[in-house]
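Trainee: From the sequence below, what's the structure:
(2 chains)
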Amino acid sequence: MDAKQPGRRRFLKSGAALAGLAVSGIRPAAGQTPGASPDVVHKERAAYGQPSRFEAASRIPAGPNPGSRTPLQDVVGIIAANGLHFVQSSYSGDNIDPRKHRLLIHGMVHRPLIFSLEDLKRLPSVSRIHFVECTGNTSPVTPSLTTIRGGIGDGTGKGSEWIDELHQSVQQTHGKMGCAWYTGVLLSVLLREAGVKPEAGWLLLEGAEPGHLSRSIPLAKGMDDVLVAYGQNGEAIRPEQGYPFRTVVPGFEGNINIKWLRRVKVIDQPHMVKEEINNYTSLRLDGKARWFQLEMPVKSVITFPSSGQRLPGPGFYNITGLAWSGRGAIRKVEVSVDSGRTWKDAQLEDPVVRMAWTRFHFPWTWNGEATRVLSRSTDEQGDVQPTLAEFSKVWGVNLEYWRKTTNFVNHFNVIQPWKINGDGSVQNAMLG
Amino acid sequence: MRCLANLLVPAIMALSGGLVTLAQTPPYNVGRPATDQEIRAWDIAIGPEGEELPPGSGTSKEGAKIYAQRCASCHGPTAAEGKFIHGPLLGGRETLTTLYPLKTLGSYWPFATGIWDYIRRGMPPGGEGSLTTDEVYHLTAFLLYRNGIIKETDVLNEKNLPKIQMPNRNGFVPAKPEWKPGEKRPHGLYP
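Mentor: Reported below is the predicted structural model:
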């Protein structure tokens, strides 16, 4: 195989043939030498570094979007590297020149203002760790699926993308999210420069890309912790993430974190743009739809061992994963290694940051018997991640519903079970 | 570092000094004043009351011609055949409580202004913003007519568009969207 060409899927294929290679992320290679002389090293060192050619971690597509989902199984700690952080955009603003790009703040303000990137960099900055998660991450039905299958609600009865699929990896089930250390100016600083009028209640955020994706957020959120970020993980925001600057709206649905920000309009009620009256609503079985769900619910997932990986044999393993909540800090993560019968607290790794990924660990000695491993998170509000059965009870549906419906359910935060087979292989076990 | 941000948030709230006192002099005096012309050029969002709608008018007959030229290649010859992400633009009225809900302009969208706004800002892909104001009114009239919401002879304009009662106007909860920091909601905010 060509060791230089990235591609996790191909890796998995070749990895399956290699008995000793248990955990993902390492690409086999042949004929390499372990080092080089100083002359060669200096000549070959790139001005902008790349991962080792033995590392296979890469994003995978979601629908027509070629580089979308974060390889959660390969992420260490609580930060998704910039080259691996998920990307989801309705339109793309990849070619925005920062010298020409401007941010307008207007509406119910005393002083409508225009800011350049240079202006923003003059102002006091903060750096914050936050996750951004696609509203539909982990949803059993996705628009991309219905595209493939010929349209939403075409009556074909084909709904589930992954829920019933044994071989869906954690990247496929949960990869439409990332967590990064963002640097920028608090939106509240800019709003104070403009002077918000007392009748204001909401903000409209709008991007500069074609299509100008927009969302309304409550003014109270804008005055609290929203960032206008020009930095991500120690460097300038990448073009696909909103260069030269974007909003980070901690804990809120991914689409609300408007990229390529060009406009903040101070308003008194939500603007009811297409995204908030159609795409990002949740239709209930009674025909009513919930809109403005805003915060992503408490959630967690085990990233090792997870579907597609293989345990080489009985013995010690450090079970690890990620937990997060749109409504604050993670207080507790419990892990079950006996298919949900008993639960024990996992260790939370510092730092535990509000509206950010929290890394958890659970030491485990596998006896070699088939079982299921699951994680369940609780946030600072006391909200507990539900099982699929509990979630379905709230919805008033049976499990079959998730297999069949083409109803795109946002904010799907159920507990993810992984099945460990006797041979050490790991599979998605959401539906048993 | 544990829960560091927990401590920061109240501090930031205290610094901001509440929302009503924000009219005072700008703390940093950074940024330049925006001109009315700049604001007009960028202020494209149309709210449900439609006060931002530019003057113009359109009919479904004219809209049908533009639709055939600019829209039919993706959305299908009659607007019912669309198979891209958001599906057909017509029908679905009786499907919202079924396993296979069909969310269209006619069955789902609560405000007619949203149709105008989205066509103007987002359509057609690759030519966003290329439709004239009247063309957007024509297309909106065509889609509302094809969904059985207005008559074929109706002339749509900035005055009557916001008054159109969409079939699913009351299909969303809560009726008045609100949010408070730290508000306790049932797990998952659903359904």
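Trainee: ok so A:E118 is a strand residue?
Mentor: No - according to DSSP: H, G, I helix; E, B strand; the rest coil, A:E118 belongs to no strand; its state is helix.
Trainee: Show me the helices in the stretch 51-200 of chain A, by range?
Mentor: Using DSSP state H, counting those that start in this stretch, the helices of the stretch 51-200 of chain A run over A:117-122, A:143-148, A:170-174, A:187-194.
Trainee: Oh, that last question was meant for the stretch 201-350 of chain A, not what I typed.
Mentor: Ranges of helices in the stretch 201-350 of chain A, per DSSP H, counting those that start in this stretch, are A:219-222, A:274.
Trainee: again, but for chain B
Mentor: Taking DSSP state H as the criterion, chain B contains helices spanning B:4-16, B:36-42, B:60-70, B:72-75, B:112-122, B:133-146.
Trainee: Take these and lay them out in CSV including mean pLDDT, distance to chain A and mean neighbour count.
Mentor: Yep, even glycine has a C-beta here, placed from its N, CA and C like the rest. Formatted as CSV, the helices of chain B follow (pLDDT from 0 to 100; distance: least, C-beta to the nearest C-beta, whole Å; neighbours: other C-beta atoms under 10 Å in any protein chain shown):
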stretch, mean pLDDT, distance to chain A, mean neighbour count
helix B:4-16, 45, 4, 13
helix B:36-42, 95, 5, 12
helix B:60-70, 97, 15, 17
helix B:72-75, 88, 11, 16
helix B:112-122, 95, 4, 24
helix B:133-146, 98, 13, 24
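Trainee: Straight-line length of stretch A:265-278, end to end?
Mentor: 21 Å (C-alpha to C-alpha, to the nearest Å).
Trainee: List the buried residues in stretch B:41-58.
Mentor: Under the neighbour-count criterion of 16 or more other C-beta atoms under 10 Å in any protein chain shown, stretch B:41-58 has B:42-48, B:50, B:53, B:56-58 buried.
Trainee: Among those, which one sits closest to A:T70?
Mentor: The shortest gap between A:T70 and any of the buried residues of stretch B:41-58 belongs to B:A45, at 31.0 Å (C-beta to C-beta).
Trainee: leaving aside the residues next to it on the chain, what's closest to that closest one?
Mentor: A:H271 (5.2 Å; C-beta to C-beta, 6 or more residues apart in numbering or on different chains).
Trainee: Run a quick neighbour tally on that neighbour.
Mentor: 25 (other C-beta atoms under 10 Å in any protein chain shown).
Trainee: Pretty sure it sits against B:E49.
Mentor: No - A:H271 is beyond contact range of B:E49, at 10.3 Å (criterion: C-beta atoms under 8 Å).
Trainee: any idea which residue sits dead centre in chain B?
Mentor: Against the mean C-alpha coordinate of chain B, by C-alpha atoms, centre = their mean, the closest residue is B:G114 at 3.3 Å.
Trainee: hang on, the earlier thing: most packed of the helices of the stretch 51-200 of chain A?
Mentor: helix A:170-174 (a mean of 26; mean count of other C-beta atoms under 10 Å in any protein chain shown).
Trainee: the strands in the stretch 201-350 of chain A, which residues?
Mentor: A:202-207, A:214-218, A:227-232, A:235-236, A:246-248, A:261-267, A:282-283, A:289-290, A:299-304, A:315-324, A:330-336, A:344-345, A:347-348 (DSSP state E, counting those that start in this stretch).
Trainee: Nearest to A:P386 among the ones you listed would be which one?
Mentor: With respect to A:P386, and counting by C-beta to C-beta, the nearest of those is strand A:299-304 at 9.9 Å.
Trainee: So what touches that closest one?
Mentor: With C-beta atoms under 8 Å, 6 or more residues apart in numbering or on different chains as the test, strand A:299-304 has contacts from A:23, A:72-73, A:75, A:133, A:138, A:170, A:173-174, A:317-325, A:330, A:333, A:335, A:360, A:373-377, A:385, A:413, A:415-416, A:418.
Trainee: do that again at 7 Å, thanks
Mentor: A:72-73, A:170, A:174, A:319-324, A:333, A:373, A:375-377, A:385, A:413, A:416, A:418 (C-beta atoms under 7 Å, 6 or more residues apart in numbering or on different chains).
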